[in-house]
Every structure is written in structure tokens, then in C-alpha cells.
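Peer 1: sharing a sequence plus its predicted fold:
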Amino acid sequence: MSDPWINRLVVAGPVEDAKAFAKAATGFEPPEFDSPSDKPVKTPLSFEALYNLLPAKAKRHVPNIEDEPAGLISERLVTRKKGNAEKIYRFELSRYEPDSLLTEVSKLFPPLILLLGWVAPSVDEACSKFIKNGKVRRYRLSADRSGEIRASKYKEWGEDCLDADIEADWLMLDEVVKHWDKVLFRLKGLKRPRRRRQKT
């Protein structure tokens, strides 16, 4: 891939399961120099750490990990109603697609929903996968809708402006993740807060 893919992973479900996933997903980057004083750097999302959780049979279905998340932002775990929680990871990838890994990992955390969304600028693709206990549902943003989003940003910034493409990519990522809102909220009681009516 010539361009990094932007990704968002939403982990949602019972609080204790969400915390267990967050703990299991934590990894360590090796120190830059071989010095006793250098300590490994803790990272909140490591595909290697998740891969190491899998039984040998499951590892056969997961490709070798070529790239760990870059530009990683790990949001704070947020508790919701009915004893549920949600944690969001935002990151970029260049040489690895974590779909099959997350599908196998989901079998180890059956109560959780793993929602992976991505935009691949190099192939003009915006998709998401809804993963629960090894079962996967996929959504792809239509070419028409993708074109509408890009056109609106080109109108705002100009067609030769990199910022227009970057903003369009992030808007598409928002849309493919939000596609699953109704299913997510219905399954796990992660209800949107009601908007208060303004007094007139």
C-alpha cells in the first residue's frame, strides 16, 4: 500500500470484558538501544499481544503480523448504561490487515463487539466490519456516497488540496463506523444520551 490506512477499532460490551480486552491488548515496544537502563515502552494496542493469546489452531488462520499500529490514540474506557463500556482505538497501518486476527480474538471475548472501520486512500475503499464471537458482518461505503463526500470537501478546499482528501477520508471513516450504531446500541444497551429540548 502506498498510503497508510486509517483505522478505528471500537470495543464494546460488559465493563469487565472490555477491561480484560484492554489489558490483554497491551504490549511493549522493545527499547531502541541494548542498554540495561532502557525499558520497553508500553503500548495500549499490540497485534502481537493479541496474536499470542490465540490457541495454536486459531493462529493458522491469521497472517504473520507485519505492522503494529502507528500513530496510535487509545481513548479512555467509557462506561455506559446496563453495565456496559466502550473503548476506542485510532491508528494507521501500512502492511497489515487485522481483520482475521480480530475475528479469532473475538472468540476469546464472546460478550464483546469488535467494530473495525478503515479507509484505504490508495484503493479508494471505506469499509467496516462488525465482529462478535467469530461472526462477521461487513459494510462498504458506496462509490456514490464516497464521491459526494469528496466533492463537498473539494468544493470547500479545492481539488488540488491535500487537506480536502484528508478531511474526506476521516468523514468516510466516521460514516462506516456509525453505520452500526443501531445494531450496537440494540445489542448492548449502549443508548445514545437524549438531547434536552431547548426552551423556546
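Peer 2: Done, it's in. Numbers count the residues shown, from 1 in each chain.
Peer 1: report the mean confidence score over stretch 149-158.
Peer 2: Confidence for stretch 149-158, expressed as mean pLDDT, is 88.
Peer 1: and it, what's buried?
Peer 2: I149, R150, K153, W157 (16 or more other CB atoms under 10 Å). (C-beta placed from N, C-alpha, C; glycine too.)
Peer 1: backbone dihedrals for the first one, please?
Peer 2: Okay, so that is I149. Backbone torsions for I149, taken as degrees, to the nearest 10, come to phi -60, psi -40.
Peer 1: residues in contact with it?
Peer 2: A168, L171, M172, E175 (CB atoms under 8 Å, 6 or more residues apart in numbering).
Peer 1: circling back: go through the buried residues of stretch 149-158 and flag which are in strands.
Peer 2: Of the positions in those, not one sits in strands, assigned by DSSP state E.
Peer 1: now those as JSON lines including distance to P63?
Peer 2: JSON lines is the format used below for the buried residues of stretch 149-158 (distance: CB to CB, whole Å):
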{"residue": "I149", "distance to P63": "31"}
{"residue": "R150", "distance to P63": "31"}
{"residue": "K153", "distance to P63": "34"}
{"residue": "W157", "distance to P63": "37"}
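Peer 1: please flag which of these sit within helices.
Peer 2: Mapping the buried residues of stretch 149-158 onto helices (DSSP state H) picks out I149, R150, K153, W157.
Peer 1: nearest to A18, of those residues?
Peer 2: I149 (30.8 Å; CB to CB).
Peer 1: mind listing the residues bridging to C127?
Peer 2: Per DSSP bridges, the residues bridged to C127 are W118, R140.
Peer 1: just checking, I65 touches L50?
Peer 2: No: with contact defined as CB atoms under 8 Å, I65 does not count as touching L50 (9.1 Å).
Peer 1: of those two, who's got more company?
Peer 2: Between I65 and L50, counted using other CB atoms under 10 Å, L50 has the larger neighbour count: 22 against 15.
Peer 1: residues of the longest helix belonging to the chain that come out buried?
Peer 2: Secondary structure of the chain per DSSP H: the longest helix is helix 162-178. Buried residues in helix 162-178, defined by neighbour count with 16+ other CB under 10 Å: A164, D165, E167, A168, D169, W170, L171, M172, L173, E175, V176, V177.
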